[in-house]
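Asker: coordinates only, no sequence provided:
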């Protein structure tokens, strides 16, 4: 089997790239394709130091820092990649990778982190946050996203098998493409986090400081509960604005190395998470440390955290992204603190391990390839 792996863009090592890394572990001989590749030479180990075939956008002016500005060209660019010699194409897609052109005898499996968020149900939110909800620029942006939606829907027909990273995204795939998808939860590096049963008297949140993570809401909630200590780890554009809201009981540590983050995750009495994420890796990492999670009850958190309705809960879900909801959830957590068990939290996190991801992906690809090959033989 000749295998090609297609990724949207290679510019950093984040959640989608961690999935790509594990896909390459399963299929180390595969060739790698991407719209652009600007990964530094000393950071390329996660792609096995592979040579990456890129599109013409790689050579356009200022592409290294302004590649997102070329989004209107990306559908056309991804279609220019010649994958005709491959038996299996695996696309890792949150934007345009699933739109590669494949033939009837090729198997195209697309692992969808999400249909293009800013073109579909989150369009209005993104336009507001980018200041593109008014005027001529706003009109042009809306028209561009309209064209991308049409292209995105059409190219779903070129995918043989859709994989999704959660039931939440599976529902989004059905809504957008009217296609069924199989859930294979993304890989979490559980082995880097170790269980600690004894907890200290503080709560923890950790994230990049951007609006949708709602760190400001968590900080405001704890500032209103001065007898409870909150530690905040992370940096980003909103750091100073959030720090200005923080009471004396809120400790803002900014960016911290991994060892410091892990130590706080192990020692916290609970991890607080207020974002609506497609999956959400950090709450799983916290549970791998034996730490229960207080999370917004929407998106992937409903799948990764077992709430009080379970016989062995690993956290609590709250209903609104407001300080009041978080405060009520913290009180509910403390009323039920005795029923949370560190070993159960760790056990729940193991459902999302790297080994489990690789086994599920490998088995599925082999099964689908054999199914397609047998079908072709029957028709021959």
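Answerer: In hand now; what should we look at? As the structure is a computational prediction, the values presented were derived from the model and not from experiment.

Asker: which residues are in contact with residue 6?
Answerer: Contacts for residue 6 (C-beta atoms under 8 Å, 6 or more residues apart in numbering) come out as 33, 34, 78, 81, 83, 89, 90, 91, 92, 93, 97, 100. Every C-beta, even on glycine, is put in place using the N, C-alpha and C of the backbone.

Asker: where do the helices sit along the stretch 51-200 of the chain?
Answerer: Applying DSSP state H, counting those that start in this stretch to the stretch 51-200 of the chain gives helices spanning 63-66, 74-78, 123-129, 135-155, 167-177.

Asker: tell me which of the ones you listed sits nearest to residue 4.
Answerer: If you check each of the helices of the stretch 51-200 of the chain against residue 4 by C-beta to C-beta, helix 74-78 wins as the nearest, at 12.4 Å.

Asker: what's the closest one in contact with?
Answerer: 6, 35, 55-57, 70, 95-97, 99-100, 148, 151-152, 155.

Asker: for stretch 135-148, same thing?
Answerer: 71, 72, 75, 116, 118, 119, 123, 127, 130, 132.

Asker: run the chain-centre distance for that stretch.
Answerer: 26 Å (C-alpha atoms, centre = their mean, to the nearest Å).

Asker: stretch 122-132 now?
Answerer: Centre-to-centre, stretch 122-132 and its host chain are 20 Å apart (C-alpha atoms, centre = their mean).

Asker: domain-wise, how is the protein divided?
Answerer: Domain assignment for the chain by automatic domain parsing gives 3-187+354-379, 190-352.

Asker: rewinding a little: tell me which of the helices of the stretch 51-200 of the chain is the most buried.
Answerer: Most buried of the helices of the stretch 51-200 of the chain, by mean neighbour count (mean count of other C-beta atoms under 10 Å): helix 74-78, with a mean of 20.

Asker: so for that one, mean pLDDT?
Answerer: Averaging pLDDT along helix 74-78 yields 97.

Asker: same deal with stretch 311-329?
Answerer: 97.

Asker: in it, what counts as buried?
Answerer: 313-318, 321-323, 325-329 (16 or more other C-beta atoms under 10 Å).

Asker: and if you look at stretch 101-115?
Answerer: For stretch 101-115, burial by neighbour count (16+ other C-beta under 10 Å) applies to 101, 102, 106, 107, 108, 109, 110, 111, 112, 113, 114, 115.

Asker: quick check: the farthest pair among these?
Answerer: Greatest spacing in those, by C-beta to C-beta: 106 and 114 (24.1 Å).

Asker: coming back round to it: hey, which of the domains of the chain is tucked in deepest?
Answerer: domain 190-352 (a mean of 19).

Asker: where does residue 351 land in three-state SS?
Answerer: When classified by DSSP: H, G, I helix; E, B strand; the rest coil, residue 351 comes out as helix.

Asker: so who does the closest residue to it other than its chain neighbours touch?
Answerer: Nearest non-adjacent residue to residue 351, counting by C-beta to C-beta, 6 or more residues apart in numbering: residue 185, 7.2 Å away. Counting by C-beta under 8 Å, 6+ apart, residue 185 makes contact with 165, 166, 279, 303, 351, 352, 356, 357.
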